[in-house]
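Asker: below: sequence and its predicted model.
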Amino acid sequence: MLATLTDVPFDDPNWVFEDKFDGFRMVAEIRSGRVALYSRNGKIISNSYIEVAKALEEVKGDAVIDGELVAIGKDGVSHFQLLQNALRHEAKLLYCAFDLMFADGEDLRALPLLERKKRLNAILPRHKLIAFSNHRKAKGTKFFAEAERRHLEGIMAKRADSPYASGCRTADWLKVKTAQRQEVVIAGFTAPRRTRPFFGALVLAVREDNAWRYIGHVGTGFSHQVLEELHGKLMRLKTDKSPFPAKVKDEGVTTWVRPSLVAEVKFAEWTAKGELRQPVYLGLRSDKKAMDVVREKSWSRKQR
């Protein structure tokens, strides 16, 4: 079940509000004490997060749980960039569980959200790597202001009686972000400049009308280690042909790559030309398919 971006926070007694975690979706399937972890695109990732899988073996009974895998910084806040270090054991991982789809063979998806969350909280073990996603009722504007003060990514708004709509993007779950972010596909990279090694900037794209749409370059947000590792991945994807139907900026110093790597950036705003202004690279997303990446547009509750 996927959430829809909305424009502003709101208060509503029929809705509950949760933290918007800055990580990636992960579904946990527990059967007879054995755990399988899945990314949003269905890949089995249990071997990459063995400690989290081990912790989930303590779940009471069989279950299929929806949640977010996050990496916690020294400030106690989840940061998407830190997930890049998780596989090197340089970050503190936490699985934040927020929904329960199945329990002991029973399909719970038609039950109201609050009933599913109640059952989820009852089966989760007390473990340092697992957290239950608490919620607040009605007061979304106050909760959003707190998220801004805590420098969180935003909040989730969910209709309290909503069923779980598998595979659907729905207006029963909304996300309100404190800063603008966008998933992007890397279409190429420019030659390095001055003292920077490996590359200068990444060429960014999204899908639009069954084609690749250029949305700008990003040249900030890279550590030396990220530059080196990302350059290695990109070199294996080199191609001679641009994916765009028209010429774009800096083509003369651009190396094109097959558009398959998905990244996330934060940015100031969209320009009138449909490009990102002041984008900053945050990291790669292994849980998204390149062909599914489109420009995320805000939905207003007034449309309902």
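Answerer: That came through fine.
Asker: Ile30 reaches Leu56, doesn't it?
Answerer: Yes: with contacts counted by CB atoms under 8 Å, Ile30 reaches Leu56, the gap being 6.0 Å. The C-beta positions use only the backbone N, C-alpha and C, and glycine is treated the same way.
Asker: identify the contacts common to those two.
Answerer: Contact criterion CB atoms under 8 Å, 6 or more residues apart in numbering; residues shared by Ile30 and Leu56: Ile65.
Asker: which residues of this structure score low on pLDDT?
Answerer: 84-91, 300-304 (pLDDT under 70).
Asker: where do the helices sit along it?
Answerer: 50-56, 83-86, 113-123, 140-149, 224-235 (DSSP state H).
Asker: a markdown table please, covering those and showing mean neighbour count and distance to Val16.
Answerer: Below are the helices of the chain laid out as a markdown table (neighbours: other CB atoms under 10 Å; distance: least, CB to CB, whole Å):
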| stretch | mean neighbour count | distance to Val16 |
| --- | --- | --- |
| helix 50-56 | 18 | 24 |
| helix 83-86 | 18 | 26 |
| helix 113-123 | 17 | 7 |
| helix 140-149 | 16 | 9 |
| helix 224-235 | 15 | 37 |
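Asker: now render those as JSON lines, adding distance to Leu37.
Answerer: Output for the helices of the chain, formatted as JSON lines (distance: least, CB to CB, whole Å):
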{"stretch": "helix 50-56", "distance to Leu37": "6"}
{"stretch": "helix 83-86", "distance to Leu37": "13"}
{"stretch": "helix 113-123", "distance to Leu37": "16"}
{"stretch": "helix 140-149", "distance to Leu37": "27"}
{"stretch": "helix 224-235", "distance to Leu37": "23"}
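Asker: nearest to Lys297, out of those helices?
Answerer: Taking CB to CB, helix 140-149 is the member of these nearest to Lys297, at 19.6 Å.
Asker: show me what that closest one is packed against.
Answerer: strand 11-19, strand 154-159 (3 or more CB pairs under 8 Å, 6 or more residues apart in numbering; DSSP states H and E).
Asker: run a quick neighbour tally on the residue nearest to Tyr164 when sequence neighbours are not counted.
Answerer: Take Tyr164 and drop its neighbours on the chain: the residue closest to it by CB to CB, 6 or more residues apart in numbering is Arg109, 3.9 Å away. Using other CB atoms under 10 Å, Arg109 has 15 other residues around it.
Asker: ok, Arg109 - contacts?
Answerer: Met101, Phe102, Arg116, Pro163, Tyr164, Ala165, Ser166.
Asker: do the same with Val280
Answerer: Val218, Thr220, Gly221, Val265, Lys266, Phe267.
Asker: now with 10 Å, please.
Answerer: Ala179, Arg181, Val218, Gly219, Thr220, Gly221, Phe222, Glu264, Val265, Lys266, Phe267, Ala268 (CB atoms under 10 Å, 6 or more residues apart in numbering).
Asker: again, but for Leu282
Answerer: 22, 79-81, 83-84, 181-182, 184, 218, 221, 263-266.
Asker: Ile215 versus that one, what's the distance?
Answerer: 15 Å (CB to CB, to the nearest Å).
Asker: could you give the separation of stretch 209-216 from the chain centroid?
Answerer: Distance, stretch centre to chain centre, for stretch 209-216: 21 Å (CA atoms, centre = their mean, to the nearest Å).
Asker: give me the residues contacting that stretch.
Answerer: Outside stretch 209-216, the residues touching it (CB under 10 Å, 6+ apart) are 182, 184-185, 187-188, 201-208, 242-249, 259, 265, 267, 270-271, 273-279, 290-291, 293-295.
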